[in-house]
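Q: Pasted the sequence and its predicted model underneath.
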Amino acid sequence: MLERFRQFFTNLWAPLGNLLLRLGVSPNAVTLVGTLGVCAGALIFFPQGLLLAGVLVITAFVFSDMLDGYMARTSGQTSPFGAFLDSTLDRIGDAAIFGGLAMYYVGPGDNSWWTALAIYCLTMGAVTSYARARAESVGMQAKVGIAERSDRLVSILVMTGLADLLRILGVNDKVMWLIPITLALLAVASTITVIQRILVVRKQALALPPAE
């Protein structure tokens with residue numbers, strides 16, 4: 001759903017991408033720095049209960065996912081390794097966000113159920129991406145599902161930041177329920193997405209001619 005806004009944000013960050021290219025910065029360097037920033041925002045701030053601060057730091061770096069792609073295309077530096085590095089580091093960043101939330105619920109959030117829910121979202125997010133990658137590795141397609149990566153990230157970051165902002169402004173602490181509710185919805189959506197991808201690959205496999 002949110003992929004339709006990718007071009008808008010790419011155009012928005014294009015001037016910065018052009019500046020970095022003129023300074024000799026490589027797209028792979030932007031990918032690495034962006035991932036380190038996301039991990040720092042999630043794993044330093046979330047466990048301390050500084051959820052809004054963590055979301056702001058993560059948001060500042062998460063756009064590197066669009067910036068590095070633009071830089072690679074503009075400079076002609078696209079390569080299989082660049083695509084591999086980008087995809088691999090994306091998984092690390094995603095894990096840091098949900099892992100940071102799990103650490104929050106182990107610490108200040110103090111709720112083992114929500115800890116388990118965050119870990120489940122972390123796991124299913126990885127499985128969702130793996131299912132697509134594995135399908136493509138055997139010559140099939142699995143780009144289907146109701147929970148794409150961008151949808152999952154935007155949902156959890158917006159709701160986490162909003163909940164903590166309302167708490168800081170003095171609204172009832174019950175607003176913090178926005179986070180576990182979002183996690184629960186993402187858990188369901190990710191599970192459905194994995195099932196959808198398994199079924200679509202099964203359908204393609206059944207359509208293949210029988211092996212000799």
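A: That came in fine, so what should we check first? Everything quoted here is computed from the prediction, not taken from an experiment. Numbers count the residues shown, from 1 in each chain.

Q: in the protein, which spans are helices?
A: Secondary structure of the chain (DSSP state H): helices located at 6-22, 27-40, 51-62, 64-75, 80-106, 112-137, 149-168, 178-206.

Q: starting at the chain centroid, how far to the longest one?
A: To tie it back to what came earlier, the one meant is helix 178-206. Offset of helix 178-206 from its chain centre (Cα atoms, centre = their mean, to the nearest Å): 15 Å.

Q: for the fifth one, same thing?
A: Here the centre of helix 80-106 is set off from its chain's centre by 7 Å, with Cα atoms, centre = their mean.

Q: what does the third one give?
A: Here helix 51-62 is found 13 Å from its chain centre; the criterion is Cα atoms, centre = their mean.

Q: Any chance you could list what contacts that helix?
A: 33-38, 40-42, 44-46, 93, 97, 100, 104, 153, 157, 160-161, 163-165, 168, 179 (Cβ atoms under 8 Å, 6 or more residues apart in numbering). Placement of C-beta: from N, CA and C, glycine included.

Q: And these, which of them are buried?
A: Among the contacts of helix 51-62, those classed as buried by 16 or more other Cβ atoms under 10 Å are 34-38, 40-42, 45-46, 93, 97, 100, 104, 153, 157, 160-161, 163-164, 179.

Q: Contacts only, for the nearest residue to V55 once chain neighbours are set aside.
A: Excluding the flanking residues, the one nearest V55 by Cβ to Cβ, 6 or more residues apart in numbering is G161, at 3.6 Å. Counting by Cβ under 8 Å, 6+ apart, G161 touches L51, L52, V55, L56, T59.

Q: any idea how far the last one lies from L23?
A: Spelled out, that is T59. Per Cβ to Cβ, to the nearest Å, T59 is found 23 Å from L23.

Q: Low-confidence stretches in this structure?
A: For the chain, the stretches flagged by pLDDT under 70 are 1-12, 211-212.

Q: Could you rerun that using 80?
A: Scanning the chain for pLDDT under 80 picks out 1-18, 20, 63-72, 74-78, 210-212.
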